[in-house]
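Colleague: Curious how this folds, go ahead:
(one chain, ligands or ions: 3)
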Amino acid sequence: MRIQTKTTPATTETSDAVVFLLHAEHKVSALGAVFRDLNAEEFAGKLGQLCLVHTQGKLAAPRALLVGLGPRKDLTPPKLRRAVVMATRRLREVGVSRAAFDAGDAERAGVVAEAAVAAHYDFDEFKPSKAPPRTKLALVTIHVSPGEARAAATAVERGRVIGETVNWTKALANQPGNVIYPAELGRRALALARELRGRLRCRVLDKRALERGGFGGLLAVGSGSAREPQLIVLEYRGGRAGQKPFAVVGKAITFDSGGICIKPGDKMEEMKWDKCGGCAVLGIMKAAALLRLPVNLLGVVAAAENMPSATSYRPGDIVTTRSGKTIEVINTDAEGRVILSDALAFACEQKPEAIVDFATLTGACVVALGHNIGGLMGNDAALCKRIERASEATGERVWELPLEDEFRDMVKSDVATVKNSAGRYAGTLTGAAFLQAFVAEGVPWAHLDIAGPAWVSDAKPHHEKGATAFGVRLMIEMLSSKA
Ligand code: BES
Ligand code: MN
Ligand code: ZN
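Modeller: Ligands and ions are numbered 1, 2, ... in the order given. Model (predicted):
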């Protein structure tokens, strides 16, 4: 799909369809005679409302799509994004190939570009049939007012890169466990670094290297699988030399069966998405490098497959981790925190400015916050505030949960430094408290439990079934704005 910006009025555009983004207070009839007879049920400018009309020669384009944005005072970039995603999906359904969007200013143009690109993702590479349910647009023209041309070109390019990286991240996260296993994820990360040669560095520690390095947590979780665990380390240096890196750490369980504490079969197939945190980290590194963000970044992805077998780790095991701290295994299904213990300790060794980790860590977080909101916990109010601000700007919703001392007490073990499960209550907070034991004193750290928003189980008008790439837009926004 090609994207261009123009400063001519969208009404004069001879695309297959012209798209008008309209507030509730907009007089639709003012757009042209073709809209005169629309009644309020057909279109009232409600947020997300779509109305497709044939223009019968009354406009240059044969079709017009009206897109409701709701009341002007309530509109935010995330709402605009969602409306444009839905509009683009509609255009694809009706077979439009060239569309013109009437965006207005540069900020909106950027959102339109990002959303139009993101609306093109389909997880269809395993569908042998040749007829896709939706066509792809060949050309999107984004119209802005003349004074906005330069700023719009920049915003559109940024939006395009972010949209494409979100799609890349989804495509990676949607791969099933038989296709993406830890070593394969490592190869994809190496291939990414090769593609961005000079901007991104990558090394992958395999099982032997993990053994030499004392990564006992990652090795324990990976021990039940025929696929060996891996630690993926990425570096991007866009900031000043000598400036401490900002670290992003991700959980990549390429399939979580639960291990010896095996999960029930119902919905177990969804556990291919237990790698979404790690995939988000790869997406963040890719987007930062493509956008040449002026920051130094360290990406650490702990990858393992959690399987039951004769070589699995077991309840009661005591595991010595990279940091020297020990873990009493209570439940092999609480494996995310066990692999992250090593990834966080490794990140801390690189003396980062701060760490944010992404993990589909607890079902309890989905019970607490549902499917649209990630749980935010941390040891640093300023870092959490930065994440919350980026969350509002992007619509990738987070909600801070209270990580207090009592939860640290709950994960203490009689026989080891910590135990990996403290029972049913406050499951998300004891998960975070466990992770905190592996974050060095004085390092600002935030944990995002993305078990809810990492994927969509049932297709929505604004999102297909599958991975959402949650965290990529959030972190790119945060790293792009001043602390
Ligand atoms: N990957 C799961 C968490 C999960 C569950 C994410 C459902 C998304 C949907 C994680 O490894 C897990 O199994 N956690 C356990 C922890 C418990 C054993 C302490 C859980 O949430 O039940
Ligand atoms: Mn698990
Ligand atoms: Zn898991």
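Colleague: Check what pLDDT the closest residue to Met268 other than its chain neighbours gets.
Modeller: Closest residue to Met268 apart from its sequence neighbours, by CB to CB, 6 or more residues apart in numbering: Ser257 at 6.8 Å. For every residue, glycine as well, the C-beta is placed using N, CA and C. On pLDDT, Ser257 comes in at 99.
Colleague: neighbours around Ser257, how many?
Modeller: 25 (other CB atoms under 10 Å).
Colleague: thinking it is in contact with Gly265, fair?
Modeller: No - applying CB atoms under 8 Å as the test, Ser257 and Gly265 come out as separate, 9.8 Å apart.
Colleague: can you tell me how far the residue of the chain found nearest ligand 3 sits from ligand 2?
Modeller: In the chain, the residue found nearest to ligand 3 is Asp256; the distance is 3.8 Å by CB to the ion. Distance of Asp256 to ligand 2, given as CB to the ion, to the nearest Å: 4 Å.
Colleague: Does that residue touch Val338 like I think?
Modeller: No - Asp256 is beyond contact range of Val338, at 11.8 Å (criterion: CB under 8 Å).
Colleague: for the stretch 1-150 of the chain, what spans make up the strands?
Modeller: Assignment of strands within the stretch 1-150 of the chain using DSSP state E, counting those that start in this stretch yields the ranges 2-6, 17-22, 50-54, 63-68, 98-104, 139-144.
Colleague: could I get the ones you listed as JSON lines with distance to Glu464, mean neighbour count and mean pLDDT?
Modeller: Formatted as JSON lines, the strands of the stretch 1-150 of the chain follow (distance: least, CB to CB, whole Å; neighbours: other CB atoms under 10 Å; pLDDT from 0 to 100):
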{"stretch": "strand 2-6", "distance to Glu464": "21", "mean neighbour count": "17", "mean pLDDT": "98"}
{"stretch": "strand 17-22", "distance to Glu464": "20", "mean neighbour count": "26", "mean pLDDT": "98"}
{"stretch": "strand 50-54", "distance to Glu464": "17", "mean neighbour count": "17", "mean pLDDT": "97"}
{"stretch": "strand 63-68", "distance to Glu464": "19", "mean neighbour count": "22", "mean pLDDT": "98"}
{"stretch": "strand 98-104", "distance to Glu464": "19", "mean neighbour count": "24", "mean pLDDT": "97"}
{"stretch": "strand 139-144", "distance to Glu464": "19", "mean neighbour count": "24", "mean pLDDT": "98"}
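Colleague: Ok, which of those strands comes nearest Gly186?
Modeller: Smallest distance to Gly186 across the strands of the stretch 1-150 of the chain (CB to CB): 32.9 Å, for strand 2-6.
Colleague: Tell me which residues touch whichever residue of the stretch 1-150 of the chain sits closest to ligand 2, please.
Modeller: Relative to ligand 2, the nearest point of the stretch 1-150 of the chain is Phe123 (23.2 Å; CB to the ion). Counting by CB atoms under 8 Å, 6 or more residues apart in numbering, Phe123 makes contact with 170-171, 174, 464-466.
Colleague: how near is it to Trp455?
Modeller: 11 Å (CB to CB, to the nearest Å).
Colleague: quick one: low-confidence ranges for the stretch 51-200 of the chain?
Modeller: Where the stretch 51-200 of the chain drops to pLDDT under 70, the residues are 130-133.
Colleague: ranges for the helices of it?
Modeller: 77-93, 106-118, 149-173, 182-195 (DSSP state H, counting those that start in this stretch).
Colleague: ok, is stretch 269-284 in contact with ligand 1 or not?
Modeller: Yes - with CB under 6 Å from any ligand atom as the measure, stretch 269-284 is seen reaching ligand 1 through Asp274.
Colleague: Quote the end-to-end distance of that stretch.
Modeller: Distance between the two ends of stretch 269-284: 26 Å, counting by CA to CA, to the nearest Å.
Colleague: Does at least one residue of that stretch sit close to ligand 3?
Modeller: Yes - residues of stretch 269-284 contacting ligand 3 under CB under 5 Å from the ion: Asp274.
Colleague: check contacts around Arg89.
Modeller: 119, 134, 461-462.
Colleague: ok, and which of the residues you listed reach ligand 1?
Modeller: Okay, of these, nothing touches ligand 1 (CB under 6 Å from any ligand atom).
Colleague: Give me the buried entries from those.
Modeller: 119, 134, 462 (16 or more other CB atoms under 10 Å).
Colleague: Tell me the residues of the stretch 201-350 of the chain that contact ligand 3?
Modeller: 253, 256, 274, 336.
Colleague: by contact count, what packs against the host helix or strand of the first one?
Modeller: Under the criterion DSSP states H and E, the helix or strand holding Ile253 is strand 246-256. For strand 246-256, the helices and strands in contact under the criterion 3 or more CB pairs under 8 Å, 6 or more residues apart in numbering; DSSP states H and E are helix 182-195, helix 276-290, strand 296-306, helix 336-349, strand 354-359.
Colleague: quick one: which of these is nearest His26?
Modeller: helix 276-290 (33.9 Å).
Colleague: so that closest one versus strand 354-359, what angle?
Modeller: 130 degrees (axes from the mean of the first three to the mean of the last three CA atoms, to 10 degrees).
Colleague: roughly how far is helix 276-290 from the heart of the chain?
Modeller: Mean-position distance between helix 276-290 and its chain equals 8 Å (CA atoms, centre = their mean, to the nearest Å).
Colleague: try stretch 244-253
Modeller: For stretch 244-253, the distance to the chain centre is 13 Å (CA atoms, centre = their mean).
Colleague: for it, which positions count as buried?
Modeller: Those buried within stretch 244-253 under the rule 16+ other CB under 10 Å are 245-253.
Colleague: Export that stretch to PDB, keeping only CA atoms.
Modeller: Extracted in PDB, the C-alpha atoms of stretch 244-253 (Å, rounded to 0.1, in the frame of the first residue of the first chain):
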ATOM      1  CA  LYS A 244      22.700   4.400  30.100                       C
ATOM      2  CA  PRO A 245      20.400   2.300  28.100                       C
ATOM      3  CA  PHE A 246      16.700   2.100  28.700                       C
ATOM      4  CA  ALA A 247      15.900  -1.600  29.000                       C
ATOM      5  CA  VAL A 248      12.800  -3.400  27.700                       C
ATOM      6  CA  VAL A 249      12.400  -7.000  28.900                       C
ATOM      7  CA  GLY A 250       9.900  -9.600  27.600                       C
ATOM      8  CA  LYS A 251       8.500 -13.000  28.400                       C
ATOM      9  CA  ALA A 252       8.400 -15.300  25.400                       C
ATOM     10  CA  ILE A 253       7.000 -18.600  26.300                       C
END
